[in-house]
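J.: coords please:
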Amino acid sequence: MIRFTNTYQIDRNNEVLTVTPKDLEALSVFFIRDENIRARCSERFLLDLYLYANTVGLNPSMIFEELRALECTVTESRTKQETKFSKLPLKGLWHKHFFSSQFIAKNMQIANSRGNIESVIKKAFEKYEGLDSTVENCKALARDISLGNHELFEKRSERNQLTREWIVFAKVNSENYYMCIEFHETDDQIIYDKVIKSCKENFEHLVPIIESYA
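T.: Here you go, the predicted structure:
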């Protein structure tokens, strides 16, 4: 079991957020009831989660919903299936998307791309073409466009394509070791360095394994 020993001082909008070992311990115990899974969550992973929760209001249960899906095939995930990185420096590691309400705007943007929203609007206007421009017809037109837009989002959800951020982890001997949480836009080398640092601090036996992926 990981013992938390570090205290972190994080600058957040010109205010300092202090994260103590007790904070990370309380977070892990409250949300991860399975000790076996908890033992495979690095301190960096839990720190990232704590920061997400206290800076952008992310509900930690969204993350652990994905962890349960990774640990147990019975639990369904709302996002893309986990994927193995194929390019260096992250080659051999894995990532899993997670979804939260904070990412709805981005997923709507993706859903509306490639002419999808234009098609919805065109279909709605064709439906009401030639009708009088009454208040009722205008409201009906707006409602159809809104419903069509919502359906685009729901289709992404049904196809497990909701996406935004990554849970980065290693698979070793059929067990997942959760290393960190990252934005898609983060440079791969930065993510790799975080993973190696997490291993050196919490899972030393994984360092040569992950380095061998290169």
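
J.: what's across from the one residue sitting closest to the centre of the chain in the sheet?
T.: Against the mean C-alpha coordinate of the chain, by Cα atoms, centre = their mean, the closest residue is Phe98 at 2.7 Å. On the basis of DSSP bridges, Phe98 takes part in beta bridges with Glu165.

J.: that one reaches Glu165, doesn't it?
T.: Yes. Applying Cβ atoms under 8 Å, one finds Phe98 in contact with Glu165, separated by 5.9 Å. For the C-beta atoms, the positions are set from N, CA and C on the backbone; glycine is no exception.

J.: what touches both of these two?
T.: Here Phe98 and Glu165 share the contacting residues Ile181, scored by Cβ atoms under 8 Å, 6 or more residues apart in numbering.

J.: the protein: strands as residue ranges?
T.: If you assign secondary structure with DSSP state E, the strands in the chain sit at 8-12, 15-19, 83-84, 94-98, 165-172, 175-183.

J.: of the ones you listed, give the one that comes closest to Ala214.
T.: Taking Cβ to Cβ as the criterion, strand 165-172 is the member of these that comes nearest to Ala214, at 13.7 Å.

J.: need the contact partners of that closest one.
T.: With contacts defined as Cβ under 8 Å, 6+ apart, strand 165-172 is touched by 45, 63, 66-67, 70, 90, 92-98, 103, 176-184, 191, 194-195, 199, 206, 209-210.

J.: what angle sits between that strand and strand 94-98?
T.: An angle of 150 degrees separates the directions of strand 165-172 and strand 94-98 when computed by axes from the mean of the first three to the mean of the last three Cα atoms, to 10 degrees.

J.: show me what counts as buried in strand 165-172.
T.: By neighbour count on 16 or more other Cβ atoms under 10 Å, the buried set for strand 165-172 is 165-170.

J.: likewise for stretch 190-202?
T.: Of the residues in stretch 190-202, those with enough neighbours to count as buried (16+ other Cβ under 10 Å) are 191-192, 194-196, 198-199, 202.
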